[in-house]
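A.B. asks: This is a predicted model, with the sequence first.
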Amino acid sequence: MATEPIMRVENLSVVLDSAAGSRPILSDVSFDVAPRSVLGIIGESGSGKTVLSNALINWIHKPLRLTGGRVLYQGRDLLALPEQAMANLRGREIAYIGANPTIALDPTLPVGHQIVEKLKEVEPGISEANARKRVIDTLDAVRIPSAVRRFDEYPFQFSGGMMQRAMIVDALVSNPKLLIADNITQPLDVTVAAQIIRLLRDLQSAFETSIVFISSSLGVVTDTADDVIVINAGRIVERQPAARLTAAPEHAYTRELIAKVPRLWAEAETPEPSPANDIVLEVRDVERTYVVRDRTRLFGENRVRAVRGVSFDVRRGESFGLIGESGCGKSTLSRLLSSIEQPDKGSIKVEGRDIAGLKGTPLLAMRRRFQLLLQDPYNAIPAHASIGRTIEEPLRIHGLARGAALKQRVRDVMTEVGLSPDLYDNLPVGLSAGQRQRINIARALILEPSLMILDETLSALDQVEQARLLALFETLQKRHGITYLYISHDLAMVRRVCARIGVMYLGRIVELADNHTIFENPAHPYTRTLLSSVLTVEPKPFLPETYLMEGEPPDPIHIPAGCTFRTRCPFASARCATEDPHLLATAEGNGAACHLEPGHLPPSSLLPAPAGRAAACLET
Amino acid sequence: MTDIALSARPRSRSVAHRILAGAWATTEMKVAFFIFAALAVLTVVAPFVIDASATKITVADRFLPPIFMEGGRYPYLLGTDQLGRDLLLRSLIGLRNAFAIGIVSVVVMFVIGCAIGIYSGYRGGWVDVVLMRITDVQMSIPVVILAITILGMSRPNAFTVIAVLVLASWPAYARVARSVTLAERQKEYVRAAKILGASDLRIMALHIAPSILPSIAFVAVLDIARMMIFEAIFGFIGIGIQPPTPTFGTIISAGTQYLLNAWWITIVPGFLLALALTSLNLMGGVLERSRNLVLQGQL
Amino acid sequence: MAFAIEFFVRRLSQGLLIVLLVAFVIFTLLRIAPGDPIRIILGPMATATAMEETARELGLRDPIPVQFGRFIVQVASGDFGHSFIRGKQGGASGGSQDGAPDLSQRAPVMDLILTALPYTLILASLGLIFAFLIAIPIGLAAGLNAGRWQQKLGLYISSFFVSLPNIWVGVVLIYLLSAKSGLLPAIGYRGIAYAIIPAIVVAIEMSPVLIRAIAVSIAANVQEGYFNVGQVRGIPRNKMIYRHVVRNAAVPLLNVFSAQMIGMLLGGLFVVEYIFSFPGIGLLTINAVFQRDFPIIQAVAILASAVLVLINILVDFASTTIDRRLKF
């Protein structure tokens, strides 16, 4: 590049010191950041990319240690600067945004005030009124709705996405020359992440800031950056312009990385259509409302309508998926389905028997029929009990076996889920997430349930482990005829395993259809918005330009009248504001809660999939 | 006990084990432990070794100073009191009694408080409201007021002293156990146990209690010392265990009358008590710090 | 605003109920405790009939709930009754006199308490000031330097102070600072100098709790994400500490203050006043216990719990104002 780079990194090396000696985290990393450009850095977790982002602002602390190299910014080596001089650059000329916006600000002070505090710190002369005006203007610029009101609100009143916008404001308000964005979309829902990325691109040209954009998602990086650096185990393996990286990767590791990105459309693996069996789980008009106190009104209370009339059926032996973003009511529904909470209204029938309102012994007997697997493999198993003891617990609770027979059954089920029976007397300390999740599975499986609810069960696992467990689930399905209900936000996984899928929005199922309809020709605009926000390395049938609107779902206290999606729907009409659409199923069992006639939505930007591909099987 | 640190493989041991090992690795813990152990051994062995009496009045030997001072003599290593009784022996017996009262009362308040706290936190709802209001009421009466009211009005003995201490302090345990249970109840393993069909009692006794009690137990070590101080205060005011049984409170209280001429009667036993309590508190403090480190994953 | 009104309406009504319950517990406890107050009022020579008569006159033979109801009605108008023992001019009467006692000659409990209260307040505030002077620097240093010598120092000092029985510290200080060297006066009260040694004893008792609370809450906040992020955002470390860490640490500190320290302070004052013959509420109460002077005991217990409850409410209000996430 002809122009002088804004930042040049030369032979940067960092090690991690521990009792066992020091381990290299970054080795010999060198690159340039061109002015007014976005440099993407992609690496898997553990590749050293967060350490790299911290090193760029000389923020390396024990037990990490710099062992060599230079970070040149405007000719000065940041790593050699005295701490005071470096502190004067941080947040001023070089801004940094981290992956976790929810912990970034003091929780006890309003967001706007804290940004003003920072602004006054980096620009000592600025007056209170000016600072306030500039912060509110910037809040407007990142499209935070009603910025003046939000200025005085507290961090806990911001959603993750709104908070990340606020952090972008905080970074840009001092007009930095360089912005380091470390995995900033990682904790966000897909539609919100897509909005943030679009926003960052817009702002980059408006503010003329250079950005180092670090992420573990290839789709995110190639969508955002001009140039991309691939980093593996602390070393740079490749640097290419973003478009060429996916088209013509040079390094084997890059090719591997690209191959690992799940495909939703091109060469997508999809499951067999559902068998036309009897119904295992029948959910009808289930509702759940929570009452919370309102501190702005005297003795005021708010009603949070978490689940608002959900109905669906799951057939024996199928895999059914429920997808939706955070706040859509998935977790509440999962609690209702596992009978930890009771619905206010409606029925939940497992094998024909209503479990809503069931208590005591009858409920205990029913619990053998349906089991729920939870997301967090670390907290779901008690830390103080041995593995065998944990797995045998359900047999003891239900009085199903004792003595040698009990031990034998535990050993059998451990073998079946791929755990060595030798682990029987070990504590779970030190086991990997995947192994812990297997304990979890074994504990549920030992009751021989006919229905397993998988509530984000695999989302804490890496892709390799995820694939292994999906294969295990499939084997178990074939062997025992188990029915699965997947509750997830992971579209790629649902695409792979679920024959029928329900899409949830604000406490309701807005679309219910088979796998191909949902992914290739969905009838609800929200489903299309979701699909358009997925960041992949393949061409998408639905583009964010058409479907992605600003804003986030309304909170479940103030649910808009009429269609609940109309506030974010690009196709909303006058009718939508007054009339709440109902989900009407066609003969095939597909349907969407939308007033639009089928065929009135824009066509897919890909060619319609050939009918024959529906038969493609899931490989094992 | 000595080779815990050597044999510990932190990753494969239980949390309690790692806390102990981490604490034992520090010098403070070892020093405090040896001081405490030495005092404990002394309280048992001293009556057989020291050729003096803790209770027999020997008028001729009154007001003898400690042996290292002018006028002190064998066998009164730390001098005698106003009735010619051996101060060291009296202090050691006082220490033994105080420690027994401290440990018994803490165990009882721990059991009662934690049981109520876990139940209250787990059940929630009106049960929780009622139980917590009861602790509010109980905690709204300062310990000393409650103690002097009850003990001052009755005939105090070891049993009533323990009863008062338990009555005054169980709510603190109930509060702590409840707040930890509230957090614990949200954890997924509790939800997992419910889904498996475990009864509430089973979840409280087999899941929640084993995960929360060890950490509360470490803090309870500090309370043993606090109870021993209360016992001394009661004795001092005259509402503790009554003479002739030696207690710190009564020794110190009696000694104040002779402070100018025979300071050792008050200073010496108080010093022994302070030494014992410091070592106990230091052990508690180190254990707690070690526990925090373990919970933060640094040990 | 709506929040503040609702908070106080809710909490004050709850608090009133708690104080009523405390009053009932104390009232009942005193009625069933051994030791007949009539014997104390009339002295050992009184006849059985005279005792019975006085008891009936004083309403002591009515059922306890009736007595309690009568008592509460009185208390509501600010009248805690008259001492059984103490005369209006101070000094004990009763016992030695013959014939029917004239209760109107006995001092109203409220007067006795109001006379003693200023002394206790002086001692309490001086003790708290000393305690903060000791605890703030040590606690801050320990909290900001977790894992270093400052933290260990905090641990040693608080372990040591918490191990010192206040009765012993009191006697040792009297011996060293007063009896031996004559630096300060110690027994009774004839001027503010008399409060210094007792206040030191109170401070030594309180400071370990404070040191630990400050150290723990500061250390916890220094580990919070916002502390690091704030410095990366461009706010200097010292400003992050005094603007944000201290503010956030105040919430758990306030909690420790209301849940532990006020109770400790009240208890500590009682003992210290007794050791130093300091003429405050504590001495009044301990003497009342030994004399079976029930009206004083119950008044002090009820007022003490009312103070505790009130401080709890104020502290909770302060906490919810600082941290808006807290529920109430």
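C.D. replies: Looks like it came in fine. The shown structure was predicted, so the numbers you read here are calculated from the model rather than taken from an experiment. Numbering: from 1, shown residues only, chains lettered A, B, ... in the order given.
A.B. asks: The helix or strand containing A:Thr289 pairs with which strands, and in what direction?
C.D. replies: Using DSSP states H and E, A:Thr289 sits within strand A:279-294. Taking DSSP bridges as the criterion, strand A:279-294 sits next to strand A:300-315 (antiparallel), strand A:345-350 (antiparallel) in its sheet.
A.B. asks: hmm, who's touching that strand?
C.D. replies: A:300-316, A:332-333, A:336-337, A:341, A:343-352, A:356, A:370, A:450-451, A:483, A:485, C:327 (C-beta atoms under 8 Å, 6 or more residues apart in numbering or on different chains). Placement of C-beta: from N, CA and C, glycine included.
A.B. asks: Show me what the mean pLDDT comes to for that strand.
C.D. replies: Average pLDDT, strand A:279-294: 89.
A.B. asks: same thing with stretch A:129-147?
C.D. replies: Mean predicted confidence for stretch A:129-147 is 90.
A.B. asks: what's in contact with it?
C.D. replies: So stretch A:129-147 is contacted by A:112, A:115-116, A:119-120, A:123, A:126, A:148, A:150-151, A:162, A:165-166, A:168-169, A:172-173, A:199, A:203, A:206, A:550-551 (C-beta under 8 Å, 6+ apart).
A.B. asks: if we go to 7 Å?
C.D. replies: Stretch A:129-147 has contacts (C-beta atoms under 7 Å, 6 or more residues apart in numbering or on different chains) with A:112, A:115-116, A:119-120, A:148, A:150-151, A:162, A:165-166, A:168-169, A:172-173, A:199, A:550-551.
A.B. asks: Where does chain C get nearest to chain A, which residue?
C.D. replies: As assessed by C-beta to the nearest C-beta, chain A sits closest to C:Gly234 within chain C, at 2.2 Å.
A.B. asks: picking that back up, please indicate which of the contacts of strand A:279-294 are buried?
C.D. replies: Listed as buried from these are A:302, A:305-316, A:332-333, A:336-337, A:343, A:346-351, A:356, A:370, A:450-451, A:483, A:485; burial here means 16 or more other C-beta atoms under 10 Å in any protein chain shown.
A.B. asks: Not counting stretch B:196-205 itself, show me its contacts.
C.D. replies: A:364, A:367, A:393-394, A:397-398, A:443, B:118-119, B:122, B:190, B:193-194.
A.B. asks: again, only this time at 10 Å
C.D. replies: A:339, A:360, A:363-368, A:371-372, A:393-398, A:443-444, A:446-447, B:115, B:118-119, B:121-123, B:181, B:184-185, B:189-194, B:206-209 (C-beta atoms under 10 Å, 6 or more residues apart in numbering or on different chains).
A.B. asks: Could you tell me which of those belong to strands?
C.D. replies: The strands, defined by DSSP state E, take in A:Gln371, A:Leu372 from the contacts of stretch B:196-205.
A.B. asks: Which of the contacts of stretch B:196-205 fall within helices?
C.D. replies: A:360, A:363-367, A:393-398, A:443-444, B:115, B:118-119, B:121-123, B:181, B:184-185, B:189-194, B:209 (DSSP state H).
A.B. asks: give me every residue that touches whatever residue of chain A ends up closest to chain C.
C.D. replies: Proximity to chain C, evaluated over chain A using C-beta to the nearest C-beta, is greatest for A:Gly91 at 2.2 Å. By C-beta under 10 Å, 6+ apart, the residues touching A:Gly91 are A:57, A:118-119, A:121-122, A:170-171, A:173-174, A:176, C:229-235.
A.B. asks: In PyMOL, select just the buried ones from those.
C.D. replies: Buried residues among those (16+ other C-beta under 10 Å), as a PyMOL selection:
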select buried, (chain A and resi 57+118+119+121+122+170+171+173+174+176) or (chain C and resi 229+230+231+232+233+234+235)
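A.B. asks: Could you measure from the residue nearest the centre of chain A over to B:Ile237?
C.D. replies: By C-alpha atoms, centre = their mean, chain A has its centre lying nearest to A:Asp189, at 5.2 Å. Per C-beta to C-beta, to the nearest Å, A:Asp189 is found 65 Å from B:Ile237.
A.B. asks: Can you read off the pLDDT for the residue of chain A closest to chain C?
C.D. replies: So A:Gly91 comes in at 87 (pLDDT).
A.B. asks: Kindly report the same for the one 5 residues further on.
C.D. replies: With respect to pLDDT, A:Tyr96 has a value of 94.
A.B. asks: Doesn't it lie inside a strand?
C.D. replies: Yes: according to DSSP: H, G, I helix; E, B strand; the rest coil, A:Tyr96 belongs to a strand.
A.B. asks: My guess is B:Tyr258 contacts B:Thr266. True?
C.D. replies: Yes: B:Tyr258 lies in contact with B:Thr266 (C-beta atoms under 10 Å); the separation is 8.2 Å.
A.B. asks: where do the contact lists of these two overlap?
C.D. replies: B:Asp81.
A.B. asks: Could you list the low-pLDDT ranges of chain C?
C.D. replies: Confidence mapping of chain C against pLDDT under 70 gives the ranges C:1, C:34-35, C:88-104, C:327-328.
A.B. asks: Compute the number of surrounding residues for B:Val130.
C.D. replies: 10 (other C-beta atoms under 10 Å in any protein chain shown).
A.B. asks: try A:Ala266
C.D. replies: The number of residues near A:Ala266, taken as other C-beta under 10 Å, comes to 11.
A.B. asks: residues contacting it?
C.D. replies: Contacts of A:Ala266 by C-beta under 10 Å, 6+ apart are A:Thr536, A:Val537, A:Glu538, A:Pro539, A:Lys540, A:Leu606.
A.B. asks: Just the buried subset of those, please.
C.D. replies: A:Thr536, A:Val537, A:Glu538, A:Lys540.
A.B. asks: Is B:Phe248 in contact with B:Gly102, as I believe?
C.D. replies: No: if you go by C-beta under 10 Å, B:Phe248 and B:Gly102 don't touch, sitting 11.6 Å apart.
A.B. asks: hey, what's in contact with both of the two?
C.D. replies: Common neighbours of B:Phe248 and B:Gly102 (C-beta under 10 Å, 6+ apart) are B:Met228, B:Ile229, B:Glu231.
A.B. asks: now, among the residues you listed, which is nearest to chain C?
C.D. replies: Looking across the shared contacts of B:Phe248 and B:Gly102 and measuring by C-beta to the nearest C-beta, the closest to chain C is B:Ile229, at 4.7 Å.
A.B. asks: which residues does that closest one contact?
C.D. replies: B:Ile229 neighbours (C-beta under 10 Å, 6+ apart): B:98, B:102, B:248-249, B:273-274, B:277, C:162-168, C:205.
A.B. asks: ditto for A:Gln342
C.D. replies: Counted by C-beta under 10 Å, 6+ apart, A:Gln342 has contacts A:Arg288, A:Arg335, A:Leu336, A:Ile348, A:Ile355, A:Ala356, A:Gly357, A:Leu358, A:Lys359.
A.B. asks: Can you tell me which residues in the stretch 1-150 of chain C are near chain B?
C.D. replies: Proximity of the stretch 1-150 of chain C to chain B, by C-beta under 10 Å from any C-beta of the partner chain, involves residues C:14-15, C:17-26, C:29-30, C:32-35, C:146-147.
A.B. asks: Buried only: go through those for me.
C.D. replies: Of those, these count as buried by 16+ other C-beta under 10 Å: C:15, C:18-26, C:29-30, C:33, C:146.
A.B. asks: Which of these fall in helices?
C.D. replies: Secondary structure from DSSP H places C:Gly15, C:Ile18, C:Val19, C:Leu20, C:Leu21, C:Val22, C:Ala23, C:Phe24, C:Val25, C:Ile26, C:Leu29, C:Leu30 of those in helices.
A.B. asks: rewinding a little: output the buried ones among the contacts of A:Ala266 as JSON lines; include the columns distance to chain C and secondary structure.
C.D. replies: Listed next are the buried ones among the contacts of A:Ala266 as JSON lines, based on distance: C-beta to the nearest C-beta, whole Å; DSSP: H, G, I helix; E, B strand; the rest coil:
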{"residue": "A:Thr536", "distance to chain C": "31", "secondary structure": "coil"}
{"residue": "A:Val537", "distance to chain C": "32", "secondary structure": "coil"}
{"residue": "A:Glu538", "distance to chain C": "36", "secondary structure": "coil"}
{"residue": "A:Lys540", "distance to chain C": "34", "secondary structure": "coil"}
